[in-house]
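Colleague: heads up, no residue letters with this:
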């Protein structure tokens, strides 16, 4: 019989995830290549894969469009802020297949209206609400399951559990449904329309049950917020339709369970590989907060995103035609020496500056404050409850891998 632990290990296998999403590219360090290209020019003609010599692949939704890649912080910041010129409608077809129509593909006033409905639940002021309702107890349970054992594989036993169970609990899904949803999310890239339709039917059945229950018995959670939200259009206000709720829910559930686990794993690896830093954050929890911001700069989990160019434009001196695709290399932008000294070093002590690890502009990551809260609570528990924590010397070497989706191939530790 497949256990919950087995399912977490399988569904959150970073190497498997990278192979499925990155076309088999298990590159460990793309940053020297990023740096060489960024030094040559802030913007290049060509896709990142081609420029790095990996050949075609990746997310190719517009195969006939010319492709440009942005490497400097300035170029990426412009693309992120000017969302109507560099449009997220690039993702429209894929997003509709995966979630139904959602805020990920919207721009302008429509995007602002729809995002404003859920933004309050994800504001910095609501971080403690997430901790009190879900994160704190979930972290306590996860760490409690292995803290007396003396060893753990933190990727599957901690990093994977907290984001998934936090976001699905806030939507009223059971634990089994949470894992089922994660499994369905892994099918979201399927090109087979039949598979996509079957996925939608299964996730819709899960969500329909909760929506109907919350309409009858509201609770202090995200799904209740969506059920009770009113949208103003053409001077009239109306409750969200079921289809609109499904779109929001699928997007938030998928995003909320799909990146923070890898970012927490990267943070653990960065600290475990520098024992003096691990001790420093153990002694100074304000430094831990800075380490969380720094790891998002230093090694973002999703270093490449794309936008559709809607008009002829000049980007950092390079003419880019309407209809082109811009690949934003956020990983390169976050290590731009024009903005940060010694940018390739993980350094929680460095002066704080905004980075694009959580993207930026109108589509800045909706859940970034929840992600920070998850990482902070999880790390505090690790530091408080796992003495003499270190990477397991008997385990295979830990590697951070991937080109478009990065994470550690495992976080095996011993302690006590």
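Modeller: Sure, I can see it. Not measured: the values here are computed from a predicted model.
Colleague: and residue 238, what helix or strand is that in?
Modeller: strand 236-239 (DSSP states H and E).
Colleague: residues making contact with that strand?
Modeller: With contacts defined as C-beta atoms under 8 Å, 6 or more residues apart in numbering, strand 236-239 is touched by 227, 228, 229, 230, 231. (Glycine included, C-beta is placed from N, CA and C.)
Colleague: grab the nearest non-local neighbour of the spatially most central residue of the chain.
Modeller: Centroid-nearest residue in the chain, with C-alpha atoms, centre = their mean: residue 259, separated by 3.2 Å. Take residue 259 and drop its neighbours on the chain: the residue closest to it by C-beta to C-beta, 6 or more residues apart in numbering is residue 301, 4.8 Å away.
Colleague: narrow the contacts of strand 236-239 to those in helices?
Modeller: Counting by DSSP state H, the part of the contacts of strand 236-239 found in helices is 227, 228.
Colleague: just the buried members of the contacts of strand 236-239?
Modeller: Neighbour counting by 16 or more other C-beta atoms under 10 Å classes 227, 229 among those as buried.
Colleague: now the contacts of strand 236-239 in TSV, with distance to residue 1?
Modeller: Listed next are these as TSV, based on distance: C-beta to C-beta, whole Å:
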residue	distance to residue 1
227	36
228	40
229	41
230	46
231	45
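Colleague: make JSON lines from the contacts of strand 236-239 and add distance to residue 385 and pLDDT to it.
Modeller: Shown next, in JSON lines, are these (distance: C-beta to C-beta, whole Å; pLDDT from 0 to 100):
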{"residue": "227", "distance to residue 385": "37", "pLDDT": "93"}
{"residue": "228", "distance to residue 385": "38", "pLDDT": "94"}
{"residue": "229", "distance to residue 385": "39", "pLDDT": "91"}
{"residue": "230", "distance to residue 385": "44", "pLDDT": "89"}
{"residue": "231", "distance to residue 385": "44", "pLDDT": "86"}
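Colleague: so who does the residue nearest to the centre of the chain touch?
Modeller: Residues near residue 259 by C-beta under 8 Å, 6+ apart: 163, 301, 302, 371.
Colleague: return the member of these nearest to residue 40.
Modeller: Using C-beta to C-beta, residue 302 comes nearest to residue 40 of these, at 23.9 Å.
Colleague: so where is the stretch 51-200 of the chain shaky, pLDDT-wise?
Modeller: 95-98, 186-197 (pLDDT under 70).
Colleague: in it, what residue spans correspond to strands?
Modeller: Secondary structure of the stretch 51-200 of the chain by DSSP state E, counting those that start in this stretch: the strands cover 67-70, 86-87, 151-153.
Colleague: residue farthest from the centroid of this structure?
Modeller: Going by C-alpha atoms, centre = their mean, the residue of the chain most distant from its centre is residue 235, 35.2 Å out.
Colleague: how about the residue nearest to residue 247 when sequence neighbours are not counted, phi and psi?
Modeller: The shortest distance from residue 247 to any non-neighbouring residue, by C-beta to C-beta, 6+ apart, is to residue 100 (3.9 Å). Reported as degrees, to the nearest 10, the phi and psi values for residue 100 are phi 90, psi 180.
Colleague: dump the residue contacts of residue 100.
Modeller: Neighbouring residues of residue 100 by C-beta under 8 Å, 6+ apart: 200, 243, 246, 247, 250.
Colleague: reformat these as CSV; add secondary structure and distance to residue 346.
Modeller: Conversion of the contacts of residue 100 to CSV gives the following (DSSP: H, G, I helix; E, B strand; the rest coil; distance: C-beta to C-beta, whole Å):
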residue, secondary structure, distance to residue 346
200, helix, 40
243, helix, 44
246, helix, 40
247, helix, 37
250, helix, 34
